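> build me a structure from this.
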Amino acid sequence: MLGIKNLTAIAHVLASVEETQVTFKHLAKATRVNDKFVGALLGIVSAPILHIFVFGPA
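Take a look at the predicted model:
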């Protein structure tokens with residue numbers, strides 16, 4: 001999983017595309033995209049435990 005600074009940077013880019021301020025929605029999307037990316041790299045389908053703890057089940 002990416003660090004908090006990297007996730008917030010991704011969330012900022014997502015918000016910039018929408019020309020709005022960063023919201024929890026952007027942070028959640030950045031986390032989901034990161035989870036899918038890491039899962040694809042590692043060949044894992046399930047989300048990391050931290051994601052489930054913070055955001056609940058997908």
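> low pLDDT regions in the protein?
1-2, 40-41, 43-58 (pLDDT under 70).
> okay, helices next: where are they in it?
For the chain, helices defined by DSSP state H occupy the ranges 4-17, 24-42, 49-55.
> want to throw those helices into a markdown table with mean neighbour count?
Glycine gets a C-beta too; all of them are placed from N, C-alpha and C. Output for the helices of the chain, formatted as a markdown table (neighbours: other CB atoms under 10 Å):
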| stretch | mean neighbour count |
| --- | --- |
| helix 4-17 | 14 |
| helix 24-42 | 15 |
| helix 49-55 | 12 |
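> which residues sit in contact with residue 27?
7, 8, 11 (CB atoms under 8 Å, 6 or more residues apart in numbering).
> surely the last one meets residue 30?
Yes: applying CB atoms under 8 Å as the test, residue 11 and residue 30 come out as touching, 4.5 Å apart.
> so can I have a markdown table of the contacts of residue 27 showing distance to residue 22?
As requested, these are exported to a markdown table (distance: CB to CB, whole Å):
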| residue | distance to residue 22 |
| --- | --- |
| 7 | 11 |
| 8 | 7 |
| 11 | 5 |
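> which outside residues touch stretch 6-16?
2, 21, 22, 23, 26, 27, 29, 30, 31, 33, 34.
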